[in-house]
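> Here is the input, now give the coordinates:
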Amino acid sequence: MSSSDESENSHATKQPELGFIDTVNYRRLVDLLLFAKERIILSLPSIHDEMAEALIDVKKKGVDLRVIINPLESTFRNGFGDMEAIDKLRKGGISLFENPNSAVSFLVCDDFGYFTFPESRVFSDEAQGPNAVKIDAITITRLIAHFFPPTNIVEKEALEKQFNEAIEDTKETFQATIEQINRPDTESAVSALDEEKLDMVKEELAKNPPLRPDVRRKINTYNNKIQFVEFSFEGSHVTAAKVHIPVEALPLKDDNLKRDLETRLRLFADIEKVAVFNEVAALRKEVDEVRKVFLTPISSREKNVLSASKKTDFEKKVSELAGKTDALTKKLPIVIQQEILNAKRRIKDELSAFLKANPPEELKKFKGRLLDESVEDTVASIVHGITFPKPEELAGRLSIKMHIYDLTFQDLQDDELLQEFIEKGVMQKDDLASIVSMRVAFVAKPVIEDGKV
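Here you go, the predicted model:
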């Protein structure tokens with residue numbers, strides 16, 4: 001074993017020092033995770049990317065790892081985790097559980113644990129002071145029983161045994177606490193309010209009064225005016241579908257000839273003569289018109305913005321479009337099936353004509369009827385190798401998709417986005433001034449001395 005391996009192994013197995021009131025930042029949390037040998041239960045609003053990496057590493061040790069999250073959209077939008085991190089955990093085989101709307105956060109590693117009080121990364125990346133309380137053994141057992149009750153007699157007996165052991169352990173903890181209380185040198189964790197310091201803070205606040213905004217209320221003020229929208233008509237280019245012939249099925253060596261042939265093999269021909277395809281094209285134009293009338297494209301986000309004053313009418317239009325889409329989806333399979341049959345006949349004819357005009361080497365020696373029959377045989381073999389789409393699959397691609405998103409504090413910190421809002425009339429300059437004031441109130445200002453930061 002290398003010295004680095006020995007160091008890492010020592011770091012992972014060293015008993016962590018556990019304070020009753022503690023500061024559990026990212027590094028500290030990883031230390032606790034690495035110490036676990038049998039079981040980890042982690043309950044947080046959600047998970048950030050670097051924590052996902054650490055959890056995946058811990059999982060490789062064979063620890064029974066269970067992660068509980070609050071998977072609501074607001075959790076991610078308010079800075080409590082990253083969707084990318086959750087995707088990593090899923091791919092890494094981590095056991096994920098959900099507890100929607102719960103604000104209970106804790107960590108259990110084997111027989112020790114902490115209640116934690118995570119902060120949104122909108123305001124802070126790391127804990128600035130104590131943010132965790134050690135959990136006693138009985139409470140750990142109750143948490144396990146609450147979130148993961150035993151499902152069989154073996155698990156029930158194991159939990160009962162753990163509970164009995166927890167009682168004994170808690171007795172020792174209480175005895176140690178009583179001894180600490182009785183010690184004459186025991187110091188308080190708090191001190192009397194320093195009124196002099198408070199007066200200094202009061203003086204600074206008088207010079208530069210705080211705005212005292214409620215962040216959620218302020219953000220909702222703008223969400224009551226505008227929201228992000230993703231709006232699309234998917235599958236609308238169904239008529240442009242092509243038939244792809246496996247390369248190995250083509251008896252052609254000339255790449256130019258292959259490309260020339262490919263341009264001829266559209267699945268649908270004369271689409272303007274098929275009524276239902278004209279309906280799809282008309283619906284696509286309606287979608288474009290709705291987008292033009294109701295939405296403002298935002299290039300810095302590749303999304304659109306919807307004014308609250310237009311939201312009701314927009315949602316009504318989208319509902320109408322969705323109804324038309326559903327009706328088309330029911331009609332399309334029958335029409336598409338007929339068109340696929342027509343396409344097979346047409347492709348056979350086009351392949352036959354193409355190969356007669358551009359015969360592959362092995363057919364060039366044939367003439368007359370023999371050439372015709374050899375070409376037909378080759379065409380039959382090629383068509384047999386083509387996988388034609390199923391009507392339901394093509395028709396099923398047709399759908400109206402709409403997602404509406406609220407603004408977040410991070411959005412209001414994006415100067416490029418705000419500038420585009422102003423340029424496109426989404427916000428007024430007065431709105432921008434109000435947002436800047438809010439940011440000043442909630443984002444730490446740099447200390448400036450002698451004209452330098």
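> contacts and neighbour counts: CA atoms only from here.
Will do.
> any idea of the pLDDT on the residue lying farthest from the centre of the chain?
Going by CA atoms, centre = their mean, the residue of the chain most distant from its centre is Gly368, 63.1 Å out. If you check Gly368, the pLDDT there is 84.
> Restrict stretch 79-93 to CA atoms and write it as CSV.
What follows is stretch 79-93 as a C-alpha-only set of coordinates in CSV (Å, rounded to 0.1, in the frame of the first residue of the first chain):
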residue,chain,number,x,y,z
GLY,A,79,-30.7,26.8,-4.0
PHE,A,80,-30.9,23.6,-2.0
GLY,A,81,-29.5,21.3,-4.6
ASP,A,82,-28.8,20.5,-8.2
MET,A,83,-30.8,18.2,-10.6
GLU,A,84,-27.5,17.2,-12.2
ALA,A,85,-26.4,15.8,-8.8
ILE,A,86,-29.6,13.8,-8.4
ASP,A,87,-29.0,12.3,-11.9
LYS,A,88,-25.5,11.3,-10.8
LEU,A,89,-26.8,9.6,-7.8
ARG,A,90,-29.4,7.7,-9.9
LYS,A,91,-26.7,6.6,-12.3
GLY,A,92,-24.4,5.7,-9.4
GLY,A,93,-27.0,3.2,-8.0
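> Tell me where the stretch 151-300 of the chain has strands.
226-234, 295-298 (DSSP state E, counting those that start in this stretch).
> Note down every partner strand of the last one and its orientation.
Think strand 295-298. Under the criterion DSSP bridges, strand 295-298 sits next to strand 303-307 (antiparallel) in its sheet.
> what's the spacing between the next helix or strand after the strand it pairs with and its chain's center?
Next in sequence after strand 303-307, counting helices and strands by DSSP states H and E, comes helix 308-357. Centre-to-centre, helix 308-357 and its host chain are 31 Å apart (CA atoms, centre = their mean, to the nearest Å).
> Output the contacting helices and strands for helix 308-357.
The elements that helix 308-357 packs onto, with contact taken as 3 or more CA pairs under 8 Å, 6 or more residues apart in numbering; DSSP states H and E, are helix 275-294, helix 368-385, helix 391-396, strand 399-405.
> at 7 Å instead, please
Helices and strands touching helix 308-357, by 3 or more CA pairs under 7 Å, 6 or more residues apart in numbering; DSSP states H and E, are helix 368-385, helix 391-396.
> Helices along the stretch 151-300 of the chain, start to end?
Secondary structure of the stretch 151-300 of the chain, counting by DSSP state H, counting those that start in this stretch: helices at 153-182, 195-207, 215-223, 255-262, 275-294.
> closest one to Val383 among those helices?
helix 255-262 (13.5 Å; CA to CA).
> how about CSV for the strands of the stretch 151-300 of the chain, with distance to Asp313 added?
Formatted as CSV, those follow (distance: least, CA to CA, whole Å):
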stretch, distance to Asp313
strand 226-234, 14
strand 295-298, 12
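> Alright, calling it a day.
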